[in-house]
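Q: fold the stuff below for me.
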Amino acid sequence: MSSAAADRDTDPTGDPADVPLGDVLGKVGERLRHIRTSRGATLADLADATGISKSTLSRLESGQRRPSLELLLPIARAHRVPLDELVGAPPVGDPRVRLVPVRRHGMTVLPLTRQPGGLQAYKMIIPPRGEPDPRTHTGYEWLYVLSGRLRLILAEHDVVLGPGEAAEFDTRLPHWFGPAGAEPVEVLSLFGKQGEQIHMRTGRKT
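A: Numbers count the residues shown, from 1 in each chain. As a prediction, the model looks like this:
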């Protein structure tokens, strides 16, 4: 037996393949708690990431609320796992992150971390954008340029970074970044959970 199979056999949340549907649904709460806590996420983190209230998430995990597709889909998206992992044993021992690109504000974003809370890592491909529109949010961000040229506006600074260059800054300062020319730029971004909050306009014009 492989080590992965042995891990699944000893997983306290069980394997739903050989049990009735009712028993599988009954164990979903245990599995949700197992996935969340194993990634160091709190109920508050998950509530922020899914838009589902903490009380509903708590009732799901305790078995007091019957799981539904409407609730499980946003939870699966927040954890960045297939939906069947919420009702079946999650793969144990495989550290690979499933890269599922999403579109945000015209950018292609590939999440490189799986947990909804804590430090987040992203690879971003940013096409030419409109006029700079600096915004603010709480947190601290780190950017590393993989290819192309990145223009970074930070408060009164306006700089251009090339491949292999990095920048870090307090995101409470008005900031904006995008391609320095007509070609897309590819960057890595690291920031804490504060960086997932909605950016607020600063009113600064350039």
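Q: show me the helices in the chain, by range?
A: 3-10, 21-26, 28-38, 43-50, 54-62, 69-79 (DSSP state H).
Q: chain center to the third one, what's the gap?
A: Its chain's C-alpha centre and that of helix 28-38 lie 17 Å apart, by C-alpha atoms, centre = their mean, to the nearest Å.
Q: relative to helix 69-79, how tilted is it?
A: Relative orientation of helix 28-38 versus helix 69-79 (axes from the mean of the first three to the mean of the last three C-alpha atoms, to 10 degrees): 20 degrees.
Q: if we can go back for a sec, now render the helices of the chain as a markdown table, adding mean pLDDT.
A: Shown next, in a markdown table, are these (pLDDT from 0 to 100):
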| stretch | mean pLDDT |
| --- | --- |
| helix 3-10 | 35 |
| helix 21-26 | 58 |
| helix 28-38 | 86 |
| helix 43-50 | 91 |
| helix 54-62 | 92 |
| helix 69-79 | 87 |
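Q: how does the chain divide into domains?
A: Taking automatic domain parsing as the reference, the chain has its domains at 3-86, 102-201.
Q: residue 58 and residue 43 touch, don't they?
A: Yes: between residue 58 and residue 43 a contact is recorded at 6.1 Å, counting by C-beta atoms under 8 Å. Using the backbone N, CA and C atoms, a C-beta is placed for each residue, glycine as well.
Q: quick one: which of those two has more around it?
A: Legend: neighbour count by other C-beta atoms under 10 Å for residue 58 and residue 43, higher for residue 43 (19 against 15).
Q: what's around the closest residue to that one other than its chain neighbours, how many residues?
A: With sequence-adjacent residues excluded and distances taken as C-beta to C-beta, 6 or more residues apart in numbering, residue 43 is closest to residue 54, at 4.7 Å. Other residues lying near residue 54 total 14 when counted by other C-beta under 10 Å.
Q: for the protein, give me the ranges with low pLDDT.
A: Applying pLDDT under 70 to the chain flags the ranges 1-26, 88-94, 115-117, 193-206.
Q: verify the stated contact: the residue nearest to residue 43 with residue 45.
A: No: at 9.9 Å, residue 54 and residue 45 do not qualify as touching, with contact defined as C-beta under 8 Å.
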